[in-house]
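**Student:** Mind folding the following:
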Amino acid sequence: MGQFQAFVGVNFWDALFVLLNTLTIFFVAKKFLFGPVMKIIADRQKEIDDMYEAAGAAKESAAALETEYKQKLSVAAETSERMVKEAVARGQSREEEIIRQANREADAIRDKAAADIAQEKKKAINDAKDEISEMALAIAGKVVGRELNAADQASLLDHFIEELGEQA
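**Tutor:** Below is the predicted model of the structure:
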């Protein structure tokens, strides 16, 4: 049992030496290891915090830009829609103006054609009257058997034209 007691027993000087060695290692490690490691960890944490802050700012900026772009897109869509409506309105207005102008021109052409027809009809009637009056004078001259003087011709011609006008 002596060996076991020596093996398990605690020597005061050995325990004190182990305690002093442990404290020395702890203080040396604290001074040269824990301090710089904690500084590195603190610096790294600060970098991470700065990155999160920058990411948050970038996210806010992106959200603001997205809102701005959506607003600009909405304004552009409204503007383009308004421009299309205005163009359609102008096109319809122009179409109506062209139709009105074409109708006016068609009316003018019809009126001119009607006037030309009336004039040609009047001319044809006058030409026919002239020919008929010449034939009537010739027939009347043969029937009467003599030459008619100018006054007789004029009165006969007027009488004949009046009768012709009443029949027409």
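**Student:** okay, now K39: neighbour count?
**Tutor:** For K39, the neighbour count with other CB atoms under 10 Å is 10. For every residue, glycine as well, the C-beta is placed using N, CA and C.
**Student:** what kind of secondary structure is it in?
**Tutor:** Put simply, K39 is helix when judged by DSSP: H, G, I helix; E, B strand; the rest coil.
**Student:** where are the low-confidence patches of this structure?
**Tutor:** The chain contains residues with pLDDT under 70 at 1-9, 136-148, 164-168.
**Student:** Which residue ranges of it form helices?
**Tutor:** Assigned by DSSP state H, the helices in the chain fall at 2-8, 12-29, 35-144, 150-167.
**Student:** So which residue is dead centre in the chain?
**Tutor:** Using CA atoms, centre = their mean, the residue of the chain that lies closest to the mean C-alpha position is V84, 3.2 Å off.
**Student:** Could you report the distance from it to P36?
**Tutor:** 70 Å (CB to CB, to the nearest Å).
**Student:** same deal with I161?
**Tutor:** 138 Å.
**Student:** For those two, work out which one has more neighbours and name it.
**Tutor:** Taking neighbours as other CB under 10 Å, I161 and P36 compare with I161 leading, 16 against 10.
**Student:** The more buried one: what's it in contact with?
**Tutor:** 129, 133 (CB atoms under 8 Å, 6 or more residues apart in numbering).
**Student:** And it, how close does it get to N103?
**Tutor:** Counting by CB to CB, the separation of I161 from N103 is 41 Å.
**Student:** what's the answer for S61, then?
**Tutor:** 62 Å.
**Student:** Kindly report the same for D14.
**Tutor:** Between D14 and N103 the computed distance is 126 Å (CB to CB).
**Student:** now swap in N149 and tell me
**Tutor:** On the measure of CB to CB, N149 and N103 end up 57 Å apart.
**Student:** Same check on D111?
**Tutor:** With CB to CB as the criterion, D111 and N103 are 12 Å apart.
**Student:** repeat for R90
**Tutor:** Distance from R90 to N103, by CB to CB: 20 Å.
**Student:** next one: H159
**Tutor:** Distance of H159 to N103, given as CB to CB: 48 Å.
**Student:** ok, now S74?
**Tutor:** Distance check for S74 against N103: by CB to CB, it reads 43 Å.
**Student:** now F160
**Tutor:** In terms of CB to CB, F160 sits 45 Å off from N103.
**Student:** Same question for K39.
**Tutor:** Shown here: K39 relative to N103, a distance of 94 Å by CB to CB.
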